[in-house]
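Engineer: For reference, the sequence and a predicted model appear below.
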Amino acid sequence: MIAFRGVAWLAVLVVPAMLGVSAATPQQPIFSARVDTVRVDVDVRRGGRPVTSLGAGDFEVFDNGVAQKVDLMAAAAAPLDVVIVLDTSQSLDAKARSHLNAAGAAVIDALQPGERAALVAFSDRIAIRSLFSSDPTALKALVGAPMPAGDTAVNDAAHAAMLVGTAASGRPIVILFSDGADTTSFLDDRAVLDTARRTGSVVCAVTLGDRGGVLPALTDLTGGVFVKESSLARVATRFAEILQSFRRRYLLSFTPAGVAREGWHALTVKVKGGGEVRARSGYWSDAPATTR
Amino acid sequence: MATLHRVGTALVAFMVMAIPSAAQSPSETLMLDWLALVRSHEAGTMDDASASASELSPDQIDIFLPRALESIDVPTLKRALSMHTDIALAQQATLARPAVGSRTAVVLLDGLAIDDIPRAQPWRICWKLATGLATRRDQGPAIAAWFRATGAVLQQLGDCDLLAYHLDAGLSLFARDAVIALYAGTLHQTFADARVQAFIARRQAAPTMPSGISPLAQSKWAAFEQARRDLDRRMRVGRDAATRNEPQAADIELGLARDFFRRALQLDPSLHETRIRLAHVMSDLGNHEEAVATVKPALATTLGPFLEFYAAVILGRSEEHLGHYAAAGDAYARAAARFPGAQSAELGRSRIALTQGRADDAVAIAVGVVGPESPEHADPWSSYFRVHDPDAGALLAAWREGAK
């Protein structure tokens, strides 16, 4: 026997009490950063261990199959802009949410000078609690702000987070936690993956159990990592590892040459001498300018 | 008589009217007492009469109900149906622990069983009354209307289990009723929803009860497992796939929903809600061309706000799948105009802005609806599996009026 209590009940009973959550730092986001230069975050490993001593000449990048001239940017030239995305759905109890709040706070604590974070929380409702801010105190206060429990709209949240990421002035990375089972999003998997192709964020996700929904494909598409975790108490550690790992990545840049501007550009990144390379699988370019 | 003596002071007046003669059998006495309650009940309320009647177990009513269905006049039987419907709805609305006949249903939220609800089975009496009444001359339309009204209420309450039995009973009597077919399709659509599928998957992933849990948790575990088994039985065709946690379990339910919707549309092509739900199912099954062709005629008519919203967002999603971004944007904008700030429609709009190379607009739309400074707005999408049009309240009020 099933009495199916959907999101509408909670929307009516709980949501109005949660109004008034405000941004950590009111800011005017930079929504557009159209450039002719393509930047690609690249993780290189050999035998599972990160390789950190490569130069620009060690990389080969192909844009729609055409080899490109690559530069290696200094990480300091593009500090991290992290979008933290936390699940507050019904499937996570209060103790679980406290672990997640700690994980969010751990990321904020780990930010280095010049780096910023934005914050998105979600159940069936999406709440961009803060756009990019460098104020850790305000951000941490928002991490623990109450959010109504409800169904899980991870697809909708991922879409919103990637849009927030387009306001990054540095390297946009989305670090997302969910129990992995989308139960109520309006946007389907195809739409979320398309958003990923058209925006520049690298998406990394930590989930509980095996049911990741669209997240494995999303992280793979954007060059991020997908981590299955069995203990919520370790999510903070996983978040910190993702951030640390991201700082070891190479930031390649190139100006597309020999390819049409409009449309989808499949990217292939190789390392001379071999190695396991993780990078986004392509980028979308709208006419007339090339975005990231 | 002995049973009703125990039900409280409110019954005293009725008992005076129903003092048994020496010739009356216990069942006749019980029926007379029950009739007194029926005649004094005010439809749409939980008054003293219905409160007293709610103390009768279904088994007690079964003792005299066959005779009542043969011998009692139609208006009184309709009043009886009205009273027992009020009893059933009152128990569901309050989630009150019933006095008799407890069953357990689980409550799902986010694919998780969060509670189990003990409850009586007053609907069993309603179905018997309705079935008996349907055989009386000229009563078919009124009883079909009762199935529709109460079916809409059960969908609104999200009580899939009761609704399944309810619609089975309704379809067995009114196989050519377009609205009941629409409701049956909606139920299968609900079974295909990720929240129900997630519940099944979670139960399958943890098939044995963990050791060391409290007796209370053990009882919940047993109730949840029973619910999963009941759902498996209910879903029948999709059971094998569902228990293997395979995506086609949902597709099978969507297929059943599609078939019911198509039948409903054949029976009544003017039923716009059917078009909208059929289009949604076709979209979920990947047939976006048919989804667009199905839903467009509905949008060309005058629809209520909820149906117009659903039709527009479903059209938008299918047009987007087909790469018709301008048409999709128009559809989402129409939905957003109906319910300004609705998250689903606005996220759809932000998607279209992105596909049209307007990333700035995409972000502005999203931030405008779910950003730090954005106010809370209702989103009908979250009620999609609860709403029929006309709504349950209007249907029930109309039926009660007709039953007076």
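Structural biologist: Looks like it arrived, so ask away. Not measured: the values here are computed from a predicted model.

Engineer: what bridges to residue A:38?
Structural biologist: residue A:254 (DSSP bridges).

Engineer: Surely it and residue A:259 touch.
Structural biologist: No. Using CB atoms under 8 Å as the test, residue A:38 is too far from residue A:259 to be in contact (10.5 Å). In short, each C-beta sits where N, CA and C put it, glycine included.

Engineer: okay, those two: which has more neighbours?
Structural biologist: For residue A:38 and residue A:259, the more surrounded residue by other CB atoms under 10 Å in any protein chain shown is residue A:38, and the numbers stand at 23 against 17.

Engineer: what's the closest non-adjacent residue to residue 190?
Structural biologist: No chain specified, so I'll use chain A. residue B:321 (7.1 Å; CB to CB, 6 or more residues apart in numbering or on different chains).

Engineer: Chain B is the one I meant
Structural biologist: Residue B:190's closest residue in space is residue B:385 (CB to CB, 6+ apart), at 5.1 Å.

Engineer: you'd agree that neighbour is up against residue B:194?
Structural biologist: No. Counting by CB under 8 Å, residue B:385 stays clear of residue B:194, with 11.1 Å between them.

Engineer: Look at these two and report which has more neighbours.
Structural biologist: residue B:385 (22 against 19).

Engineer: which SS class is that one?
Structural biologist: The local conformation at residue B:385, judged by DSSP: H, G, I helix; E, B strand; the rest coil, is coil.

Engineer: overlap in contacts of residue A:38 and residue A:259?
Structural biologist: A:63, A:265 (CB atoms under 8 Å, 6 or more residues apart in numbering or on different chains).

Engineer: residue ranges with poor pLDDT in chain B?
Structural biologist: Within chain B, the segments meeting pLDDT under 70 span B:1-23, B:93-120, B:202-248.

Engineer: name the element the most centrally placed residue in it belongs to?
Structural biologist: Most central in chain B under CA atoms, centre = their mean is residue B:155, positioned 1.5 Å from the mean C-alpha point. Assigned by DSSP states H and E, residue B:155 falls within helix B:140-157.

Engineer: That helix packs against which elements?
Structural biologist: Helix B:140-157 sits against helix B:74-94, helix B:122-134, helix B:160-173, helix B:178-192, helix B:392-403, with contacts defined as 3 or more CB pairs under 8 Å, 6 or more residues apart in numbering or on different chains; DSSP states H and E.

Engineer: Now do the buried residues in that helix.
Structural biologist: B:142-157 (16 or more other CB atoms under 10 Å in any protein chain shown).

Engineer: and which of these is nearest chain A?
Structural biologist: Among the buried residues of helix B:140-157, residue B:157 lies closest to chain A (CB to the nearest CB), at 7.3 Å.

Engineer: quick one: the helices in the stretch 151-292 of chain A?
Structural biologist: In the stretch 151-292 of chain A, the helices defined using DSSP state H, counting those that start in this stretch lie at A:154-165, A:189-198, A:215-222, A:235-247.

Engineer: mind checking which of these is nearest residue A:129?
Structural biologist: helix A:154-165 (10.4 Å; CB to CB).

Engineer: Tell me what angle that closest one forms with helix A:215-222.
Structural biologist: Per axes from the mean of the first three to the mean of the last three CA atoms, to 10 degrees, the angle that helix A:154-165 makes with helix A:215-222 is 30 degrees.

Engineer: does chain B sit close to helix A:154-165?
Structural biologist: Yes. Using CB under 8 Å from any CB of the partner chain, helix A:154-165 comes into contact with chain B via A:156, A:159, A:160, A:163, A:164.

Engineer: Would you convert these into JSON lines that also reports pLDDT?
Structural biologist: Output for the residues of helix A:154-165 next to chain B, formatted as JSON lines (pLDDT from 0 to 100):
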{"residue": "A:156", "pLDDT": "97"}
{"residue": "A:159", "pLDDT": "98"}
{"residue": "A:160", "pLDDT": "98"}
{"residue": "A:163", "pLDDT": "97"}
{"residue": "A:164", "pLDDT": "97"}
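
Engineer: So which bits of the stretch 101-250 of chain A are right by chain B?
Structural biologist: A:123-131, A:149-152, A:156, A:159-160, A:163-164, A:166-167, A:181-184, A:186-188, A:190-191, A:194-195, A:198-199, A:209, A:211.

Engineer: hang on, isn't the residue nearest to the centre of chain B packed against residue B:188?
Structural biologist: No. With contact defined as CB under 8 Å, residue B:155 does not count as touching residue B:188 (11.9 Å).

Engineer: Please list all residues in contact with the nearest residue in space to residue B:340 that is not next to it in sequence.
Structural biologist: Nearest non-adjacent residue to residue B:340, counting by CB to CB, 6+ apart: residue B:377, 6.6 Å away. With contacts defined as CB under 8 Å, 6+ apart, residue B:377 is in contact with B:339, B:340, B:341, B:342, B:343, B:369.

Engineer: Buried ones among the residues you listed?
Structural biologist: Here, 16+ other CB under 10 Å leaves B:339, B:341, B:342, B:343, B:369 buried among the contacts of residue B:377.

Engineer: how about these in CSV, adding secondary structure and distance to residue A:100?
Structural biologist: Shown next, in CSV, are the buried ones among the contacts of residue B:377 (DSSP: H, G, I helix; E, B strand; the rest coil; distance: CB to CB, whole Å):
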residue, secondary structure, distance to residue A:100
B:339, coil, 31
B:341, coil, 27
B:342, coil, 27
B:343, helix, 22
B:369, helix, 24
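
Engineer: Of the residues you listed, which fall within the contact range of chain A?
Structural biologist: residue B:343.

Engineer: In CSV: the buried ones among the contacts of residue B:377, plus distance to residue B:400.
Structural biologist: CSV is the format used below for the buried ones among the contacts of residue B:377 (distance: CB to CB, whole Å):
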residue, distance to residue B:400
B:339, 30
B:341, 36
B:342, 32
B:343, 36
B:369, 40
